[in-house]
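> sequence first, predicted model second:
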Amino acid sequence: MATYKIMITDGLAEKGKAYLREYGEVIDRTGISPEDLLKEVGEVDALIVRSRTKVNAAVFEAGKRLKVVGRAGIGVDNIDLNAARAAGVTVVNSPLATTVSVAELAMGLMLALVREIPRADASMKQNKWLKKEFEGHELYQKTLGIIGCGRIGSAVAERAQAFGMHVLAFDRFRPKDELCQCSEPVDDLNDLLARSDFLSLHLPLTAETKNLLSHEQFARMKDGVYLINASRGGIVDEEALLAALNSGKVAGAALDVFAVEPPSENNPLVMHPRVICTPHMGAQTHEAQARAGYDIATEVVAALKGEPLRWKCA
Ligand SMILES: NC(=O)c1ccc[n+]([C@@H]2O[C@H](COP(=O)([O-])OP(=O)(O)OC[C@H]3O[C@@H](n4cnc5c(N)ncnc54)[C@H](O)[C@@H]3O)[C@@H](O)[C@H]2O)c1
Ligand SMILES: O=C(O)CC[C@@H](O)C(=O)O
């Protein structure tokens, strides 16, 4: 039986590592620097990453025996797919594993925003009882606009409707009859922006979606809209969001993702009193990581063995 060398650079659940060990040597280099990755990637047949490691053209160039890159999770915007194709390296991901966890975080962020849960907790820890300051809003009978209604968007739609929300969905590539999880599919993003009390983003970062929400789109939104972004930071123009928060157009924003991660120290969005932030932790649950680790391990081994693949990205 072939013995493969498989490097992990952003951690992997034990179940995934145990599966990989049946087929080869697992080299756990979690936290490796970009410089060391370039020095060491030439020794391995497969590389398994999450979102931290940037697998750019230089990595493919240095990966002389690299056959497969596995992304434990969904977004492959940190992997240069064109460079992978040019180098003849297969790229796979594990897109089903984390849907529920991300959808649950989006719902949590929505509730945290309208009830100001983080600020209320912080005030209690300062021995303050500011009950009168915390008059929030209900989600019930509000309109939620979901942009990108694939796996996670649909799961959010389902959960939001259980809260009694009216859910609009816009998806550029999915036919309306596939958006059955929402109350009302819409053809026009501007229509969704104009009608939503809450906006939640669930689409990939691509050349087309970069800065999809910028000054012009914020101007089209309702006054006092709430924005939740647990997709990718670059989809929202952060400068435009800051301006919209400062003008009051946006009542509050909850951000799990940032254009640059981690964001700079004292980043004005992170520090903004009406912004709630989490450190890109949508998929960071025990359950999601156990599934993602196992799914990517089986897919990477299948790619190494030349077997049929379920989730080939390049
Ligand atoms: N915060 C986190 O930890 C976390 C975890 C997992 C995934 N994500 C992000 O969530 C995204 C969505 O994941 P998913 O599993 O639902 O993916 P998915 O592919 O099932 O759904 C994405 C949807 O976006 C749509 N879309 C693409 N471009 C669009 C555009 N320009 N306008 C409107 N819709 C567009 C697609 O048609 C698709 O239906 C991922 O790409 C990733 O960036 C974040
Ligand atoms: O696992 C991560 O680091 C982030 C996961 C998430 O953003 C994804 O696209 O799968």
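On my side now, so go ahead. Ligands and ions are numbered 1, 2, ... in the order given.

> show the pLDDT at the residue of the stretch 151-300 of the chain found nearest ligand 2.
Residue nearest to ligand 2 within the stretch 151-300 of the chain: A283 (4.0 Å; CB to the nearest ligand atom). (C-beta placed from N, C-alpha, C; glycine too.) On pLDDT, A283 comes in at 97.

> burial measure for L139, as a count.
20 (other CB atoms under 10 Å).

> so where's this protein uncertain?
In the predicted model of the chain, residues 1-2 satisfy pLDDT under 70.

> show me how it divides into domains.
As assigned by automatic domain parsing, the chain contains the domains 4-97+286-305, 99-277.

> W311 is nearest to which of the ones you listed?
domain 4-97+286-305 (5.2 Å; CB to CB).

> how close does the residue of the stretch 151-300 of the chain closest to ligand 2 sit to N78?
In this view, A283 and N78 are 14 Å apart by CB to CB, to the nearest Å.

> A243 belongs to a helix?
Yes. Counting by DSSP: H, G, I helix; E, B strand; the rest coil, A243 is located in a helix.

> distance of it from V44?
Distance from A243 to V44, by CB to CB: 45 Å.

> and what about the residue nearest to the spatial centre of the chain, helix, strand or coil?
Centroid-nearest residue in the chain, with CA atoms, centre = their mean: S231, separated by 3.7 Å. Classification of S231 using three-state DSSP returns coil.

> for it, phi and psi?
phi -110, psi -80 (degrees, to the nearest 10).

> what sits against it?
G148, I152, L201, H202, L203, P204, L205, V257 (CB atoms under 8 Å, 6 or more residues apart in numbering).

> for the last one, what are its contacts?
For V257, the contacting residues are N229, A230, S231, R232, G233, H280, G282, taking CB under 8 Å, 6+ apart as the criterion.

> hmm, 10 Å instead?
51, 75, 201, 205, 229-236, 263, 277-282 (CB atoms under 10 Å, 6 or more residues apart in numbering).

> any idea how far ligand 1 is from the residue of the stretch 151-300 of the chain closest to ligand 2?
4 Å (CB to the nearest ligand atom, to the nearest Å).

> ok, now which ones touch that residue?
50-51, 72-75, 97-102, 105, 152, 230, 256, 289, 291-292.

> run through those and flag the ones next to ligand 1.
G73, I74, G75, T98, T99, V102, I152, A230, D256 (CB under 6 Å from any ligand atom).

> give me the nearest residue to the residue of the stretch 151-300 of the chain closest to ligand 2, chain neighbours excluded.
T98 (3.8 Å; CB to CB, 6 or more residues apart in numbering).

> how near is the nearest residue to T209 once chain neighbours are set aside to V100?
Closest residue to T209 apart from its sequence neighbours, by CB to CB, 6+ apart: I235 at 5.1 Å. In this view, I235 and V100 are 21 Å apart by CB to CB.

> neighbour count winner among the two?
Between I235 and V100, counted using other CB under 10 Å, the more crowded position is I235 (22 against 18).

> contacts only, for the more buried one.
So I235 contacts 147-148, 201-206, 209-213, 229, 257, 259 (CB under 10 Å, 6+ apart).

> neighbours of the residue of the chain found nearest ligand 1, how many?
Minimum separation of the chain from ligand 1 (CB to the nearest ligand atom) falls at G150, amounting to 1.9 Å. Residues near G150, counting by other CB under 10 Å, number 19.

> how about P263?
19.

> so it, which of the three states?
Assignment for P263 (three-state DSSP): coil.

> likewise for S101?
helix.

> ok, which of the ones next to ligand 1 among the contacts of A283 also contact ligand 2?
G73, I74, G75, T98.

> and the residues you listed, which of them are in helices?
Nothing among these maps onto helices, per DSSP state H.

> as TSV, those with neighbour count would be great.
Converted to TSV, these look like this (neighbours: other CB atoms under 10 Å):
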residue	neighbour count
G73	24
I74	25
G75	17
T98	25
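
> and those residues, which two are furthest apart?
Checking those with CB to CB, the most distant pair is G75 and T98, at 10.1 Å.

> need the contact list for the closest residue to T53 other than its chain neighbours.
Excluding the flanking residues, the one nearest T53 by CB to CB, 6+ apart is T9, at 4.5 Å. By CB under 10 Å, 6+ apart, T9 lies in contact with 27-34, 36-37, 40-41, 47-50, 52-53, 55.

> please redo it, this time with the cut-off set to 8 Å
R29, T30, G31, I32, L37, L47, I48, V49, R52, T53.
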